[in-house]
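Enquirer: Give me coordinates for this.
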Amino acid sequence: MGTSEAALQIFSGVVPRAVCSTPYSSNFDSTFSFISQVKFVKKKGVLSNRNLSKCSSRLLQGIRTSFSGKTKCNRRPLYRCRCQQAQSTSGMTPEGGNGTWFVDGAETSSPINNRPNGSSALEFQDVQFAKQEIKSSISNGTNGAVRDPFHKISIESIEDEAWDLLRESIVYYCNSPIGTIAARDPTSSNLLNYDQVFIRDFIPSGIAFLLKGEYDIVRNFILHTLQLQSWEKTMDCHSPGQGLMPASFKVRTVPLDGDDSATEEVLDPDFGEAAIGRVAPVDSGLWWIILLRAYGKCSGDLSVQERVDVQTGIKMILRLCLADGFDMFPTLLVTDGSCMIDRRMGIHGHPLEIQALFYSALVCAREMLTPEDGSADLIRALNNRLVALSFHIREYYWVDLQKLNEIYRYKTEEYSYDAVNKFNIYPDQIPSWLVEWMPTKGGYLIGNLQPAHMDFRFFSLGNLWSIVSSLATIGQSHAILDLIEFKWGDLVADMPFKICYPALEGQEWQIITGSDPKNTPWSYHNAGSWPTLLWQLTVACIKMNRPEIASRAIEIAERRLSRDKWPEYYDTRKGRFIGKQARLFQTWSIAGYLVGKLLLAEPSKAKILITEEDSDLVNAFSCMISSSPKRKRGQKNSNPTYIV
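Expert: Below is the predicted model:
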């Protein structure tokens with residue numbers, strides 16, 4: 001049996017996988033882990049079967065593992081692979097996510113934050129309370145410095161605090177670091193899924209560890225999440241496409257099947273079947289590919305991306321995204337809530353954020369795919385899609401004052417191959433706020449484009465990642481940064497960075513969001529301010545050789561982030577208030593700040609995330625632009641053509 005065939009059988013579950021294998025095993029391709037059914041025993045004795053990725057470890061000794069970096073001697077892993085007597089876990093229920101965890105042989109259960117790091121939740125709160133007592137008299141200084149009546153708290157101490165908090169959020173599986181939980185908020189008793197490892201949330205954490213030279217946690221994350229990819233999760237008897245990556249996963253400790261004297265750790269993924277809104281994540285697989293490339297470039301370890309199972313995982317994601325469907329556009333058609341904005345916000349269709357990540361993932365995958373006979377068709381389809389997608393976004397999503405004036409004068413109801421108003425956009429769609437808001441210098445990529453619909457809102461992540469991935473041209477990239485500088489008071493203000501602008505208000509908010517009480521105007525996804533966006537802003541500014549923009553934004557952020565306990569997001573038009581439902585000690589807020597600081601200190605390291613535009617794409621795009629927009633449909637020639 002060929003190696004690739006064996007790998008495919010492993011993904012489909014034909015070949016059983018060995019248990020408790022580490023990601024460092026030489027036989028990892030076929031013995032990493034296996035998929036099976038594990039029975040959970042509820043408190044009332046009702047059995048519930050779920051597919052779980054298992055690491056069976058009978059009576060494991062509590063060996064502490066070292067984690068590279070400046071970890072304090074009293075740091076303990078959040079989740080440890082500890083096999084205990086089965087009766088010790090009798091009170092655990094999978095639904096609530098508040099299972100009992102074991103640390104250094106002692107049982108530690110925290111109903112508040114599920115934080116088994118060797119100290120109780122009460123001790124953790126006491127420490128945090130003491131820290132805040134010390135900071136209670138702190139006032140803002142100049143240039144981001146914070147002053148205390150007794151001593152100065154320097155920027156370095158804020159960074160040290162951030163690193164401590166980031167390392168305390170690490171999740172362990174089988175005594176190995178595997179990711180970071182979304183938040184460790186001791187003030188909230190309602191965990192929801194913030195105690196899980198999210199794919200998109202871990203990206204800034206993973207980048208921070210890579211920049212620090214701590215590669216193991218990123219390697220483990222990449223390989224373990226890969227094993228979750230092939231699971232067949234269902235929603236109302238329907239299974240999503242093969243290749244889908246989970247939105248998040250959690251490490252659970254359960255009794256070992258057939259042995260009541262031991263326990264085992266399992267990885268329990270959520271593909272959206274338990275998420276609020278029940279929406280599957282489109283961006284998880286795209287971020288996974290981007291992180292995989294960053295790991296190889298930063299660590300120099302290309303053996304991970306060259307593995308048969310990793311190559312298979314990349315291809316599964318690409319085939320899922322490149323599959324033919326009913327859509328006529330090269331952009332990905334997705335529903336609301338499928339990305340960072342994971343609630344109903346009127347972004348269904350072809351949201352810019354997904355297109356930018358899609359383009360970036362295609363470029364990264366093309367760089368990592370190993371040449372073989374079975375990849376030829378996939379690479380050909382990938383290249384064709386890259387050309388069509390870049391032309392489509394640059395040509396039809398771009399808006400500046402000149403383009404806005406063209407749309408203002410559009411003729412409608414055009415039927416022909418040479419129509420100027422191809423999507424039948426009605427000029428009355430131009431919102432009144434945009435007429436006054438659009439500067440004379442600068443522009444941006446709109447949030448969405450569909451027949452008879454242009455979403456003119458400015459979405460930050462999509463625009464920033466279009467710069468990073470070279471989806472936007474050099475001129476467009478500079479124009480986006482010009483817009484950010486010109487509209488600094490709207491997009492940055494007292495806390496960077498606005499997730500979108502402007503907010504949906506009034507009847508529009510009621511209709512589009514369904515009167516979502518969490519997405520009220522200027523809050524959460526509805527134009528709230530998210531500190532985690534600092535790292536994407538920093539990478540984009542470094543690429544365009546304008547790091548002073550990111551430096552200025554980070555200085556504003558660090559005046560408040562530590563004092564405000566690292567919240568998830570900020571509210572109000574200027575970002576002056578901590579979000580009304582924001583979690584504190586949000587991991588990606590912490591990691592986003594750290595990545596921004598690390599990259600500004602060493603801008604050359606941003607290359608692990610940046611993708612430069614290649615000459616083939618430039619030439620293909622130039623040919624399309626230079627050709628007449630009113631070209632007639634003629635006889636096919638032998639040269640490759642691109643549908644745009």
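Enquirer: low pLDDT regions in this protein?
Expert: 1-153, 230-238, 617, 620-644 (pLDDT under 70).
Enquirer: Spatially central residue in it, please.
Expert: Residue closest to the average C-alpha location in the chain (CA atoms, centre = their mean): Arg200, at 2.1 Å.
Enquirer: Leu286 is in contact with that one, correct?
Expert: No. At 9.2 Å, Arg200 and Leu286 do not qualify as touching, with contact defined as CB atoms under 8 Å. C-beta here means a position set from N, CA and C on the backbone, and glycine is covered the same way.
Enquirer: I'd like to know which elements the host helix or strand of the residue nearest to the centre of the chain is packed against.
Expert: Under the criterion of DSSP states H and E, Arg200 resides in helix 199-211. Helix 199-211 sits against strand 176-180, helix 216-229, helix 283-299, helix 587-601, with contacts defined as 3 or more CB pairs under 8 Å, 6 or more residues apart in numbering; DSSP states H and E.
Enquirer: now the ones you listed in a markdown table, with mean neighbour count and distance to Phe329?
Expert: What follows is these, written out as a markdown table (neighbours: other CB atoms under 10 Å; distance: least, CB to CB, whole Å):
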| stretch | mean neighbour count | distance to Phe329 |
| --- | --- | --- |
| strand 176-180 | 26 | 34 |
| helix 216-229 | 23 | 26 |
| helix 283-299 | 23 | 17 |
| helix 587-601 | 26 | 31 |
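Enquirer: Of all the ones you listed, which one is nearest Leu191?
Expert: Ranking the helices and strands packed on helix 199-211 by proximity to Leu191 (CB to CB) places helix 587-601 first, at 13.9 Å.
Enquirer: Between strand 176-180 and the closest one, find me the angle.
Expert: Interaxial angle, helix 587-601 versus strand 176-180 (axes from the mean of the first three to the mean of the last three CA atoms, to 10 degrees): 100 degrees.
Enquirer: helices and strands around helix 587-601, which ones?
Expert: On a contact count with 3+ CB pairs under 8 Å, 6+ apart, helix 587-601 meets helix 155-168, helix 199-211, helix 534-543, helix 547-558.
Enquirer: For the top strand by length along the chain, output the C-alpha coordinates as CSV.
Expert: For the chain, the strand reaching the highest residue count under DSSP state E is reported as strand 259-270. Presented in CSV, the C-alpha positions along strand 259-270 are these (Å, rounded to 0.1, in the frame of the first residue of the first chain):
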residue,chain,number,x,y,z
ASP,A,259,-11.2,0.0,32.9
ASP,A,260,-12.7,1.8,35.9
SER,A,261,-9.3,2.2,37.6
ALA,A,262,-7.9,4.6,35.1
THR,A,263,-8.7,7.8,33.2
GLU,A,264,-7.7,9.2,29.9
GLU,A,265,-7.6,12.6,28.2
VAL,A,266,-9.5,13.2,25.0
LEU,A,267,-9.8,16.1,22.6
ASP,A,268,-13.4,17.1,22.1
PRO,A,269,-13.8,19.4,19.1
ASP,A,270,-16.7,21.7,18.2
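Enquirer: buried ones in it?
Expert: Buried positions in strand 259-270, judged by neighbour count with 16 or more other CB atoms under 10 Å: Ala262, Thr263, Glu264, Glu265, Val266, Leu267, Asp268, Pro269, Asp270.
Enquirer: how close does the last one sit to Val595?
Expert: Spelled out, that is Asp270. 25 Å (CB to CB, to the nearest Å).
Enquirer: cool, the fourth one as well?
Expert: From Glu265 across to Val595, the span is 29 Å (CB to CB).
Enquirer: hang on, the earlier thing: what about the helix holding Arg200, distance to the chain center?
Expert: Chain-centre distance of helix 199-211: 9 Å, with CA atoms, centre = their mean, to the nearest Å.
Enquirer: What angle do strand 259-270 and that helix make with each other?
Expert: Relative orientation of helix 199-211 versus strand 259-270 (the same axes, to 10 degrees): 100 degrees.
Enquirer: Output helix 199-211 in CSV with nothing but the alpha carbons.
Expert: What follows is helix 199-211, C-alpha atoms only, in CSV (Å, rounded to 0.1, in the frame of the first residue of the first chain):
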residue,chain,number,x,y,z
ILE,A,199,-8.3,27.9,16.1
ARG,A,200,-8.6,31.6,15.2
ASP,A,201,-7.9,32.8,18.7
PHE,A,202,-4.7,30.8,19.0
ILE,A,203,-3.2,32.3,15.9
PRO,A,204,-1.8,35.4,17.7
SER,A,205,-0.7,33.2,20.6
GLY,A,206,1.1,30.9,18.2
ILE,A,207,2.8,33.8,16.4
ALA,A,208,3.9,35.2,19.8
PHE,A,209,5.5,31.9,20.8
LEU,A,210,7.1,31.5,17.4
LEU,A,211,8.7,35.0,17.7
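Enquirer: That helix versus helix 155-168: what angle between them?
Expert: Going by the same axes, to 10 degrees, helix 199-211 makes 120 degrees with helix 155-168.
Enquirer: Could you list the buried residues of stretch 430-440?
Expert: Quick answer for stretch 430-440 (16+ other CB under 10 Å): Ile430, Leu434, Trp437, Met438.
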